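> I'll drop the sequence and a predicted model, then ask my questions.
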Amino acid sequence: MDYLLVPQPQSVRFQSTALLLPAALSLKESFDFEGLVQRVFTKLIFGQETEIGFAIEKDESFPKEGYSLRVNSRGICLKSSTRTGCFYGLQTLKQLYEQGLGRELPYVEIIDEPDFMHRGFMLDVSRCKVPKMDVLIDLIKLMASLKMNQLQLYIEHTFAFSNHVEVWGDSSALTGEEIQDLDTLCRENFIELIPNLNSFGHMERWLKLDKYKHLAECPDGFVHPISNKQHESGSTLFPSTDSLDFLVELYGEYLPHFSSGNFNIGGDEPWELGRGRSESIVGEKGKSVVYLEFMKAIHARVISQGKHMQCWADIFLESPGVIKDVPESITPIIWGYEPDFPFDEKCLLVSKTHPDFYLAPGNSSWNSFSCRLTDACKNLNTATASGKRFGASGILVTSWGDGGNHYPWLGLFPGLVKGAASSWSEESNREVDLEDYFHRFFFKENEPLLAKALIMLCRTDDFFKPNFLNASLPHKLLFCDWPDRSKDIVVLDGIDANTLHQSLIHLESVTALLAEIPKCDDTVNAFVFDIQLGVDLNRIGIKKGLLMLEGKPMDKLKNKLLALIPRYETGWKQFARSGGLEESVEHLKRAAELMG
């Protein structure tokens, strides 16, 4: 049989022969990989035969996370220099074992190590959707199987700060105890849970409240420079001593729950900096200089907390001459989410002064009802190729939740799997058979059609030529203003009715696949429900586009969207907490209002 390994190792040679496993190992339940890991690591069994019949040898010639795995007529031999390398070798062995149905292992020789020291995933848990604890636990275990070693939960307000209940009270915020439990699980799986708390821009959840308005750059609101929409409150801290004292208070309560020595303070997109209270000083020094001075002040506070600071690099790169003045002990993270993002250009600027830097591509799940998977794969390939070329220390795959976080939960995983594979070995994983991966490892025996349906859903945007950044066309269509044609014309540019009809046929094919899946257990039913919800949201957006092209009324489609909302709420609650759901639903209700 053909074997699939994700991530594909740096070097792997299969032979046609297979090693038949003893009868005692022929049932999956009798071969306890997690138990094996614990025995290996607690007893440090290196160079000995374990009770299940294969050798684990310590070999100092391997890099920290490297390993070799050999299966032949003499049995199984796993070599590494560290427990981490051993753990990753066992993950590879587990994939082989599962595909051999516990009865056989292929003869194989694998020599493997990662391209990047740090391979992370950042999940937005602030834009409405905070996953349930069991869902986060499953995510961590999946990341471990994919050999990822860092996780960040992007937080603006969704941590239960004891003195700020008014900010997070209705958001189902993560508690300190929950963070500690996740931190423990991460460490058991060789993953570093890095604290992430945005500390400059994206503070709108705080600054809209009277208690915090004195900290805002623009206390009475501002006009967003991209959307040109009026915001009634600020989103950016005024760079001041009061703001720094406020951050220190938050850090003092938040950071002790993490064992990590790193801390991502964010700092991206301070939209209104220089447009309010700092206007005169920005006029005198320049925005980048004022921004850098405040980031240096934050850096000093982070150091006082015993942490190493990470931050986004976008504002530093607006004025490239500024990057040389950024303290070397800061790790800048270059983010960019489109297939043609100029990572080479940005890497060239940053790598000259900061050899410890990350690249942050995306899984393209946000502003969509599934995932722009083709764009995500191109973006991930571009980022990892540039990162390898310029010596980046890390790749941070990001998943955002802009605009209400409407994508089905399963929509984040194809891009995550691809990103994990590419950040382990860029060259070996430029092409990853994601459908095969989800069939063999994610859904497993619970219906192969689920994998096909998920990947088909995530390819819906392949029908459309992108004409806007970081958004799926069906999502953009559903939420665009109607009947204000002056705004619609941009969304509809280059879109014809035939293309929209073809995409609807594609979505009907996904529904047909899902209909063939037996209602066998609660997990499968939840997955089917989730994928079908993505199909239906895409379908409504596309049908709205057709009605816009034809100039027809939308009353029936409006009713379909309103009727879908209870299903949307049910789908949300399968994977996420209830906090934030009402806000997310309000976006859908507003979309219905725009239909007339």
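Everything's here; your move.

> name the helix or strand of this structure that has the lowest mean pLDDT.
strand 48-49 (a mean of 39; mean pLDDT, DSSP states H and E).

> what's opposite the spatially most central residue of the chain in the beta bridge?
Taking C-alpha atoms, centre = their mean, the centroid of the chain lies closest to Ser399, which sits 3.2 Å from it. Ser399 has these beta-bridge partners by DSSP bridges: Leu123.

> pretty sure it is touching Pro414, no?
No. Applying C-beta atoms under 8 Å, one finds Ser399 not in contact with Pro414, separated by 11.1 Å. The C-beta positions use only the backbone N, C-alpha and C, and glycine is treated the same way.

> hey, what's in contact with both of those two?
Common contacts of Ser399 and Pro414, defined by C-beta atoms under 8 Å, 6 or more residues apart in numbering, comprise Asn363.

> pLDDT value on Arg103, please?
Per-residue confidence (pLDDT) for Arg103: 81.

> again with Pro320
So Pro320 comes in at 80 (pLDDT).

> against Gln95, how distant is the residue lying closest to it once chain neighbours are set aside?
Spatial nearest neighbour of Pro320, excluding adjacent residues (C-beta to C-beta, 6 or more residues apart in numbering): Leu349 at 5.1 Å. According to C-beta to C-beta, to the nearest Å, Leu349 stands 39 Å off from Gln95.

> contacting residues for the closest residue to Asn189 other than its chain neighbours?
Spatial nearest neighbour of Asn189, excluding adjacent residues (C-beta to C-beta, 6+ apart): Ala144 at 3.7 Å. Ala144 sits next to Phe87, Gln91, Asn189, Phe190, Ile191 when contact means C-beta under 8 Å, 6+ apart.

> and the first one, its phi and psi?
Geometry field for Phe87 lists phi and psi as phi -60, psi -40, criterion degrees, to the nearest 10.

> neighbours of the closest residue to it other than its chain neighbours, how many?
Distances taken as C-beta to C-beta, 6+ apart place Phe190 nearest to Phe87, at 5.3 Å, with adjacent residues excluded. Look at Phe190: counted by other C-beta atoms under 10 Å, it has 22 neighbours.

> who's in contact with Phe190?
Contacts of Phe190 (C-beta under 8 Å, 6+ apart): Arg83, Thr84, Phe87, Tyr88, Ala144, Asn149.

> could you rerun that using 6 Å?
Shown in contact with Phe190 (C-beta atoms under 6 Å, 6 or more residues apart in numbering): Thr84, Phe87, Asn149.

> one step back: the residue nearest to the centre of the chain and Gly120, how far apart?
11 Å.

> now do the shared contacts for those two.
Counting by C-beta under 6 Å, 6+ apart, nothing touches both Ser399 and Gly120.

> got the buried residues for the helix or strand hosting Lys388?
For Lys388, the enclosing helix or strand under DSSP states H and E is helix 373-390. Neighbour counts over helix 373-390 (16 or more other C-beta atoms under 10 Å) mark 373-388, 390 as buried.

> now the helices for the stretch 251-400 of the chain?
In the stretch 251-400 of the chain, helices defined by DSSP state H, counting those that start in this stretch lie at 279-285, 287-304, 343-351, 373-390, listed in chain order.

> now those in CSV, with mean pLDDT and distance to Val108?
Output for the helices of the stretch 251-400 of the chain, formatted as CSV (pLDDT from 0 to 100; distance: least, C-beta to C-beta, whole Å):
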stretch, mean pLDDT, distance to Val108
helix 279-285, 96, 60
helix 287-304, 97, 45
helix 343-351, 97, 34
helix 373-390, 97, 25
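
> which of these sits closest to Ile76?
helix 373-390 (30.7 Å; C-beta to C-beta).

> which strands and helices sit next to that closest one?
Judged by 3 or more C-beta pairs under 6 Å, 6 or more residues apart in numbering; DSSP states H and E, helix 373-390 is in contact with helix 343-351, helix 413-424.

> those helices into a markdown table, with extra columns for mean neighbour count and distance to Thr570?
Formatted as a markdown table, the helices and strands packed on helix 373-390 follow (neighbours: other C-beta atoms under 10 Å; distance: least, C-beta to C-beta, whole Å):
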| stretch | mean neighbour count | distance to Thr570 |
| --- | --- | --- |
| helix 343-351 | 19 | 40 |
| helix 413-424 | 28 | 20 |
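
> got those as JSON lines, with distance to Val322 columns?
Listed next are these as JSON lines, based on distance: least, C-beta to C-beta, whole Å:
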{"stretch": "helix 343-351", "distance to Val322": "10"}
{"stretch": "helix 413-424", "distance to Val322": "28"}
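
> right, and the ones you listed - which one's nearest Lys544?
Closest to Lys544 of the helices and strands packed on helix 373-390 is helix 413-424 (C-beta to C-beta; 25.4 Å).
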